[in-house]
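Sequence below, structure please.
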Amino acid sequence: MPDSPSSARAATRTPALSVDVVLFTPRSGELAVLALSPAGGRGRGRWLLPSDTLRVDEPLDGAAARIARDALGVVPSFLEQSRAHGGARRVADLAQIAVAYFGLTPDAGAARRNAVWVGLSNLPPLAPRFREEIDAALETLRGHVDRLPIAFRLLPATFTLSDLQAVYELLLGRRLHKASFRRSLHAAALVEATDEWRSEGRGRPAQLFRYAPPRRRRQRRGVHFDLLG
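Below you'll find the model as predicted:
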């Protein structure tokens with residue numbers, strides 16, 4: 001039996017594509033995600049992630065940056081694609097395919113009124129699609145931590161080694177062995193000392209460091225982590 005005109009049109013129709021963005025920032029000792037409250041702000045229904053359909057002639061990376069900027073007011077310091085999913089089963093009201101990105105930003109405010117930072121340990125009800133995207137973003141992020149200088153995107157230009165270790169622990173969700181972490185940092189040539197020091201309570205001042213970009217023709221080693229617990 002030949003296909004009906006309506007089924008033929010559906011088969012040739014260009015699938016709608018949604019771009020979703022998982023945004024992370026440090027909050028109260030853990031990573032927090034930017035979530036959008038349900039319509040009306042009454043707390044009913046499932047919360048959302050920043051999302052929009054891909055515009056005509058717009059690159060995926062550009063769409064992710066636009067969506068993140070609209071939600072945050074600034075472009076994240078790190079933004080990367082984490083997954084794509086969809087197909088025959090619709091993933092949104094108007095989209096058959098969703099491409100998810102994740103981004104990192106220092107302690108930034110949210111531009112949208114219904115945007116709220118929520119800790120990973122206390123996520124609100126989310127659609128399965130968005131919850132899966134958060135899990136995929138975390139997996140991708142943690143797979144990059146020992147190979148890319150992601151942690152430095154959450155720090156000021158100068159920082160103490162304790163500051164840096166705290167960010168690595170936050171990104172990994174695990175505590176690190178202090179002496180091993182510092183040996184690995186120096187072996188990987190990731191940081192360089194400055195002439196500045198910062199007082200931290202009653203102890204002696206802590207020296208400030210900065211990120212050391214790789215020099216040409218020099219192969220950078222990854223950071224080996226010894227976990228505690």
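
residue ranges for the helices of the protein, please.
Ranges of helices in the chain, per DSSP state H, are 5-12, 60-72, 128-144, 161-172, 178-187.

Nearest approach to residue 28 belongs to which of the ones you listed?
Among those, the nearest to residue 28 by C-beta to C-beta is helix 161-172 (10.4 Å). Where C-beta positions appear, they are placed from N, C-alpha and C, glycine not excepted.

So residue 64 versus residue 108, what's the distance?
According to C-beta to C-beta, to the nearest Å, residue 64 and residue 108 sit 16 Å apart.

who's more crowded, these two?
For residue 64 and residue 108, the more surrounded residue by other C-beta atoms under 10 Å is residue 64, and the numbers stand at 26 against 15.

Look up the residues forming beta bridges with the nearest residue in space to the more buried one that is not next to it in sequence.
Closest residue to residue 64 apart from its sequence neighbours, by C-beta to C-beta, 6 or more residues apart in numbering: residue 101 at 4.0 Å. Note on residue 101: beta-bridge partners by DSSP bridges are residue 21, residue 81.

hang on, isn't residue 110 packed against residue 70?
No - the pair residue 110 / residue 70 is not scored as a contact, 10.4 Å apart, by C-beta atoms under 8 Å.

Neighbour count: the two, which is higher?
residue 110 (18 against 14).

OK, contacts around that one?
34, 71, 72, 73, 116, 117 (C-beta atoms under 8 Å, 6 or more residues apart in numbering).

Tell me the one among those residues nearest to residue 132.
For the contacts of residue 110, the nearest to residue 132 is residue 34 (16.8 Å; C-beta to C-beta).

Look up how far residue 114 lies from that closest one.
Counting by C-beta to C-beta - residue 34 and residue 114 are separated by 11 Å.

more neighbours, these two?
residue 34 (24 against 15).

check contacts around the more buried one.
With C-beta under 8 Å, 6+ apart, residue 34 has these contacts: 23, 25, 49, 50, 71, 72, 110, 115, 116, 117.

OK, contacts around the second one?
To tie it back to what came earlier, the one meant is residue 25. So residue 25 contacts 31, 32, 34, 104, 105, 106, 107, 108, 117, 154 (C-beta under 8 Å, 6+ apart).

Who is it paired with across the strands?
Beta-bridge partners of residue 25, as defined by DSSP bridges: residue 32.

so what's the residue nearest the centre of the chain closest to, chain neighbours aside?
The C-alpha lying nearest the average C-alpha coordinate of the chain belongs to residue 103 (C-alpha atoms, centre = their mean; 3.3 Å). Spatially, and ignoring its direct neighbours in sequence, residue 103 is nearest to residue 76 (3.3 Å; C-beta to C-beta, 6+ apart).

what do you get for residue 54?
Residue 54 sits nearest to residue 17 (C-beta to C-beta, 6+ apart), 4.6 Å away.

Residue 36 - how many residues pack around it?
Neighbour tally, residue 36, other C-beta under 10 Å: 19.

Kindly report the same for the one 3 residues further on.
Each residue near residue 39 was counted by other C-beta under 10 Å, and the total is 10.

pretty sure it is touching residue 45, no?
Yes - between residue 39 and residue 45 there is a contact at 7.5 Å, judged by C-beta under 8 Å.

what sits in contact with each of those two?
Counting by C-beta under 8 Å, 6+ apart, residue 39 and residue 45 have no common neighbour.

picking that back up, just name the closest of the contacts of residue 34 to residue 159, please.
residue 25 (16.4 Å).
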